[in-house]
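**Q** Here is a sequence with its predicted model. Questions after.
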Amino acid sequence: MTIQLLEVRKGRIKTYGEGAGAWSSAIGKEPAAGPVQLDPLGLDGDQVGCPEVHGGLDQAVLAYASEHYPRWREEGFAADPGAFGENLLLSGLTDQQACIGDIYALGEVLLQVSHPRQPCDTLARRFGRKDVVAQVWTHARGGWYCRVLRPGPVAAGMDLILKERPNPGATVARVLTAYLDAAKAPAEALAMAALPGLTREWQVKLEKKAGGQTS
């Protein structure tokens, strides 16, 4: 199956709401009109609203499957492309198919899947519904982060080509579920924590949760 980059999205920090309920985020990403340079720290012109937990070499870009959006709408969520703050909107590759450590060629760019996107309060604010967080956990439809192994320009319409798959079967969805269920299935969580290519952050999270601690 062909994997295609449907949209490249980037955005800047904006403030939403007023007064005590105001909040700031760069989750609002808009489609780029042409090629955008993708470097190890992300897309040219894209901002990160909370650098303490987002961005960096292991989280250069967020990828999201276009196939998820019809499901969200069927479930009553106002979800159109860009609603999850993705940088790369893809067709042909979902959280249930992409594996940790996968390396994909996107033109001259090389991307590696690094870890699942963990749902947070920003998503709840964006949708105006707290239950979106639980739905991401339940259905593993949050997207995934990639590190950039080789920089270059990216543009809508380009194909992603799988070059290496060191962890077949260790899908993004499986790792997210392993963290959620780590207390009752610690062996699975520890197996996922040992995956080559998984970020150190997620290795620690999985190990702590499997040991009965929270992170």
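**A** Here it is on my side, so go on.
**Q** residue contacts, the residue nearest the centre of the chain?
**A** Residue closest to the mean C-alpha point of the chain, counted by Cα atoms, centre = their mean, is Trp144 at 2.5 Å. By Cβ atoms under 8 Å, 6 or more residues apart in numbering, the contact list for Trp144 reads 62-63, 95, 98, 113-117, 172. C-beta coordinates here come from the backbone N, C-alpha and C atoms, glycine included.
**Q** farthest pair in these?
**A** Within these, two members stand farthest from each other by Cβ to Cβ: Asp95 and Ser114, at 13.4 Å.
**Q** ok, and the closest non-adjacent residue to Val109?
**A** The shortest distance from Val109 to any non-neighbouring residue, by Cβ to Cβ, 6 or more residues apart in numbering, is to Gly152 (4.3 Å).
**Q** Could you measure from the one you found over to Val36?
**A** As judged by Cβ to Cβ, to the nearest Å, Gly152 and Val36 stand 10 Å apart.
**Q** Check Leu88 too.
**A** 10 Å.
**Q** Report the set of residues contacting both of those two.
**A** 8, 154.
**Q** the more surrounded of the two?
**A** Leu88 (26 against 19; other Cβ atoms under 10 Å).
**Q** so is the closest residue to the more buried one other than its chain neighbours in a helix, a strand, or just coil?
**A** Spatial nearest neighbour of Leu88, excluding adjacent residues (Cβ to Cβ, 6+ apart): Ala63 at 4.4 Å. Reducing the assignment at Ala63 to three states with DSSP: H, G, I helix; E, B strand; the rest coil gives strand.
**Q** i'd like the first residue to be 47 from this point on
**A** OK, 47 is where the count begins now, so the last one is Ala109.
**Q** residues contacting Ala109?
**A** 132-134, 136, 139, 144, 157, 159, 189-192.
**Q** Go through the contacts of Trp190 and name the one nearest Arg119.
**A** The nearest member of these to Arg119, counting by Cβ to Cβ, is Asp141 at 17.5 Å.
**Q** Burial check on the nearest residue to Leu222 once chain neighbours are set aside, number of neighbours?
**A** Nearest non-adjacent residue to Leu222, counting by Cβ to Cβ, 6+ apart: Pro162, 4.1 Å away. Applying other Cβ under 10 Å, we find 26 residues neighbouring Pro162.
**Q** buried set for stretch 204-214?
**A** 204, 206, 211, 213 (16 or more other Cβ atoms under 10 Å).
**Q** any idea of the mean pLDDT in the lengthiest helix in the chain?
**A** Counting residues, the longest helix found in the chain (DSSP state H) is helix 246-256. Helix 246-256 shows an average pLDDT of 96 in the prediction.
**Q** Check stretch 141-154 too.
**A** Mean predicted lDDT for stretch 141-154 stands at 98.
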